[in-house]
Structures are given as C-alpha cells and as structure tokens.
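**Q** Output the structure for:
(one chain, ligands or ions: 3)
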Amino acid sequence: MLADHHFLLVSEIVGARETEEEDQTNKDGGRKHNVLLYPYAFTVSYTERTKHHCWRCKDIIFHCLDEAQCQQWVQTINNQLSLLSIRPKRLLVYINPYSGKQRGKWIYEQRVAPLFSRASISTDVIVTESANHARDHLKTEVDLKQCDGVVCVGGDGMFSEVVHGLVSRTQSDSRVDQNQPNQDLVPCALRIGIIPAGSTDCICYSTTGTNDPVTSALHIIMGDSQPMDVCSVHHNNTFLRYSVSLLGYGFYGDVLTDSERKRWMGPSRYDFSGLKTFLTHQYYEGTVAFLPAKDNLGNPRDKIKCRTGCHICEQGANNGQLLSGDHVYKMAEENSDEETSGDGVWRVIRGKFLAINAACMSCACPRSPRGLSPYAHLADGTTDLILVRKASRLDFLRHLIRHTNKDDQFDMSFVEVHRVRRFSFAPKHSNVISEVDLSETSGKKICNQVCTAHPNNDTGHSNWNCDGEILPHADIQVSVHCQLIRLFARGVERGTTFDTYTWSVIEGSNLSWQA
Ligand SMILES: CCCCCCCCCCCCC/C=C/[C@@H](O)[C@H](COP(=O)(O)O)NC(C)=O
Ligand SMILES: Nc1ncnc2c1ncn2[C@@H]1O[C@H](COP(=O)(O)OP(=O)(O)O)[C@@H](O)[C@H]1O
Ligand SMILES: [Ca+2]
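**A** Numbering: from 1, shown residues only. Ligands and ions are numbered 1, 2, ... in the order given. Got it, this is the predicted structure:
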C-alpha cells in the first residue's frame, strides 16, 4: 500500500468496495502515478463532521499491487463492520410523497438510498398512498422481527405515524391497555430513523442538531441510539394520541387549525397562519393541573442543554419514572402552604392564557434554532409546561420573537414555565363536568372542577396541536413515558464554547470537547 497516511475509526466507516474505474481516474486524478504502480484499488467511505452538526460521507481510495490483496482488504473491512451489532442490516422505509415541498421520494432515492447500499443495508421501501398508511401497516401487517429498524421520510407528522404504529403494536403484542392513563407502557424494541423532508422537521433537528437528510442517513448507518420520551394524551379514560414534541393549546393550536386549510401553500402555510393568529390575539380561560418533576432533573431555566450522553436524562431514567408508582402524590392548591418544590404535590393554576405549550424536547427547528424550551431534555421523563398568560399584543410579539433569537423567552412577567411529569387541562367553558383525576390509586380526587355549561361549545375553546395533529378534545390528561422509544440519532453533540462551559459546570471539572 502507498505510504499516504489516513486514520479511520472502524466505527466511522460506512463501507468498503473495489474502486470503479471511473472513480480511480476522476476522484484520484491528481495521483495518476498510483494507477500505474498500483493498478488495483479499493474505496473506503467514512463519515466526516462538517459545520453545524452536518455529517458528510467521504471516500478514500487505497491502492494495491494485486487484485487478491485488494479483495481481501474489502472483505476484511466489511466483515469487521458486520460484527458491529448495533448497526442495522435490514430497514423498513416509509416515504410520504406529499411532505414539505413534496421532495421526499427524490431525497430518499438520490441522497439516502446510495448510502444505504454502500453500507450493505437492505431495505423494504413503501411509498405511502394515504394518511395513516404507515401507521396501520406497522400496527397490523409487518413482521417486526424481519427488520432492525423503521425509517420515515417526511415531516413530524410522518414520524408521528410511525411512533403510533410501533408503540400501539408493542402494547397490543404485550396485551397492555393504552386507555389507562396511569399505565406503564412497554418500550419499543425497534429504533426509528428520520430522513427530514417535512415542513417543520422539529424532531429531526432537536435530535441531530440539523435537518439534513445525509446526516440522518449516516446516523442510521452508524447504528446510533437516542432514547426519547413519549407523552400519552387521554380524554377521561380514552386514549387520544401520543406526542413527542409539542402539545400546544391557544396560539399553536390555532395556527395549526388555520394552516390545515392551507396545505397547498406548503411549509409557508405556518408563516401565514402564524401572522393571522397573532393578529387575532385570542386568549382562553381554563385550569391547568400539573405534577412537578423531581428536583434532580433541573428546571426549564437552568441553562443546562440536553446534549449527547446527557446526565440529566440518565438521572431521569434512574428515577424510575413509573407512572403506576404515583400513588403517594397528593394535591396542593396554588398559593397554599404546601411544599411545592418537593416531589409528589400537584399544583393547580387557573387563568386566561394566550398559549399553553408542553415541550417534551427543545422543539428546536430551523424557524427557532433554540426551540420552544431550549433546556428541555429528550429522555428525562418530563415535559416543560409553558404558560403564557393574557398580555398585550406587543408583549406577546416580543415573547414570540425571542424564540428566534438568543433572548430568554421565559423572562417576561406573563410567562411561567414548569418541568412536569404529568399535567391536565380543563377549559372553562365546557359542557361536560371536567374531572381532572390522574391518580386513580390515591383514591383522592386530585382536581374536581364543575364548569359552567356553555350553550355553544364551539366558542371560547382552542384546539390542541399534538405534534401537528389537531386533537378533538380540549380537556386532556397528559403523562410522560420516560424513554419509550429510541431513534437512530445521538442527540445534539457539544461543540460551542458555551456548551463546553455548561458541561464543566455540571461535571465540576474542565472537560473540553473536540467537534
Ligand atoms: C413573529 C415570529 C414568530 C416566530 C415564532 C417561532 C416559533 C417556532 C416554534 C416552532 C415549534 C415547532 C414545534 C413543532 C411542531 C410540529 O410538530 C408541527 C407539525 O409539523 P409538520 O407540519 O408535521 O412538519 N408544526 C407546527 C408549526 O405546528
Ligand atoms: N400518501 C399520503 N397522502 C396524504 N397524506 C399522507 C400520506 N402519507 C402520509 N400522510 C399524512 O400527511 C401528513 C403530513 O405529513 P408530514 O410528513 O408531517 O409533512 P409536513 O411536514 O409537510 O406536514 C401527516 O399527517 C401524514 O399522516
Ligand atoms: Ca423530556
């Protein structure tokens, strides 16, 4: 072999192959003498980090004296890779051809499939024909033992379909009843990969640090694994949906409701509906009850970001956030003497809100690079509950704009934020008796609220935006299920000076990180 040195970690190699003739002359053009001295060559593809959390697949060509040596190198490298059991070998791929700018199929075929084939991954590809095609296929038809993971090509809605399919299938295979709000759910065995091709791509961005299809494909190939929390949403004792990113009532619910009628506009429908909803300036009255998270999981303003190998998420998993163990929890009215920082005390807040948002992860996306709750964690078993009370248009605008820059959107008198394990909401004008009782085992009614019957149930209510789907009920109960699913991702890697600083504060030592 030629003495041109390259160090490659096996764990960062995508695959090896004998170099095609055109590659030898094109890519290795500057080294024509190599071809004469060493006529045989093989190419090793590997991942390289570039800017802004993006990864690229690079090639190195190695030259050999004889063909047998060349083949042996290729075989040895690929054998080593096949021993890495964390890497997927068979994937089930769902493509939503209508996501975002309708480029999902092109993105997959042109940018992702060639990488999978380099990594010797075999795929079953399904282009969906209607909404819920992927969900129902996973729920009933697929033999899950026949693949090592599921990949969705699309936006947050498509990811949500795959989560619903996999989580529901796992529960029904284990005979677990999803309708019980207190039920501990069985974690899904298969990992999920997201190839971003949607309108918001918040889940991909929050778990990889970017919305780049090639980066996501490389995380899948490397067999990365990132556990993630899932919220279950119930109305009384009926299961409604799961949520992994944003549950938003008021502003984000209204933006979504309006934007659904404008799907033809593509991703810019959210800007249009966002402006319209902002100008409408509607507020909603209701009662929020929540169970705060344990103190060791930090708080939404502690400036500790969730990063690869996050210690807060590790604590969350160790806390044993089993929902069925909640019987010791009791109830405290707001402003009561009850110790509210300790675990186990429900709090109740009544008011008029412009928005009620629960962010189970940062919800960072290209529109808001720090996200709705910049210090929320992917896998700690909690969600950050953000209450935006009635305020002037100008103040609300200042709050919204802060999502797009570096200023603290929570540092405003009408905004409060709590890290919670469970919460519930009851709108004021409801024609049902809203019974917010999440703790069946306690035998105590946590919050009983008899609301005034309203003649027209359509007025005075917003809708919940549940990861981009509109929920049919305003009064809901939400529980966070710690680390219920896993993604082919590793969380956002450290890299900036600020992150390194935060890290050293947590660890009490000066650890640095090379990106
Ligand atoms: C005046 C300036 C206002 C700017 C405010 C910017 C805040 C943006 C925060 C966005 C948080 C998005 C959370 C993710 C939601 C997705 O699940 C959902 C569905 O995304 P999808 O259509 O499936 O890609 N998208 C929306 C916008 O509701
Ligand atoms: N073939 C299809 N035809 C119509 N709708 C589909 C199809 N496949 C998936 N969907 C639905 O399209 C919606 C939006 O998908 P998503 O991938 O999130 O795109 P976007 O980010 O643009 O909203 C989801 O609710 C999903 O269930
Ligand atoms: Ca979380």
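
**Q** Pick out the residue of this protein closest to ligand 3.
**A** Asp229 (4.1 Å; CB to the ion). (Each C-beta comes from the backbone N, C-alpha and C, glycine too.)

**Q** what about that residue, helix or strand, and which?
**A** Assigned by DSSP states H and E, Asp229 belongs to strand 226-235.

**Q** Check whether Asp177 really touches Leu185, as I assumed.
**A** No. Counting by CB atoms under 8 Å, Asp177 stays clear of Leu185, with 10.0 Å between them.

**Q** Now for the two: what residues contact both?
**A** Listed as contacting both Asp177 and Leu185 by CB atoms under 8 Å, 6 or more residues apart in numbering are Gln171.

**Q** more crowded one of these two?
**A** Leu185 (22 against 11; other CB atoms under 10 Å).

**Q** Distance check, that one against Ala134.
**A** As for Leu185, its distance to Ala134 is 20 Å (criterion: CB to CB, to the nearest Å).

**Q** Ligand 2 contacts on the stretch 51-200 of the chain?
**A** Residues of the stretch 51-200 of the chain found near ligand 2 (CB under 6 Å from any ligand atom) are 96-100, 128-133, 154-158, 161, 198-200.

**Q** please redo it, this time with the cut-off set to 8 Å
**A** Contact residues, the stretch 51-200 of the chain versus ligand 2 (CB under 8 Å from any ligand atom): 96-100, 104, 127-135, 152, 154-161, 197-200.

**Q** Out of those, which end up buried?
**A** Neighbour counting with 16 or more other CB atoms under 10 Å marks 96-100, 104, 128, 133-135, 152, 154-161, 197-200 as buried within these.

**Q** thought Arg269 was touching Thr257?
**A** No. If you go by CB under 8 Å, Arg269 and Thr257 don't touch, sitting 11.6 Å apart.

**Q** higher neighbour count, the two?
**A** Arg269 (19 against 16).

**Q** Just the element for the more buried one, please.
**A** According to DSSP H and E, Arg269 maps onto helix 269-280.

**Q** Report all helices and strands that the helix or strand that that helix is followed by contacts.
**A** Where DSSP H and E defines the elements, the next helix or strand beyond helix 269-280 is strand 284-292. Counting contacts by 3 or more CB pairs under 8 Å, 6 or more residues apart in numbering; DSSP states H and E, strand 284-292 is packed against strand 345-359, strand 383-389, strand 415-427, strand 434-436, strand 447-449.

**Q** What residues does the stretch 301-450 of the chain have near ligand 3?
**A** Cys360, His377, Asp380 (CB under 5 Å from the ion).

**Q** Could you export these to CSV, including columns for pLDDT and neighbour count?
**A** What follows is those, written out as CSV (pLDDT from 0 to 100; neighbours: other CB atoms under 10 Å):
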residue, pLDDT, neighbour count
Cys360, 96, 29
His377, 97, 31
Asp380, 94, 32
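
**Q** could you pull out the helices for the stretch 101-250 of the chain?
**A** 104-107, 113-118, 133-136, 156-173, 202-208, 213-222 (DSSP state H, counting those that start in this stretch).

**Q** do the fifth one and ligand 3 meet?
**A** Going back to what we said before, that points to helix 202-208. No. Helix 202-208 stays clear of ligand 3 (CB under 5 Å from the ion), getting no nearer than 10.3 Å.
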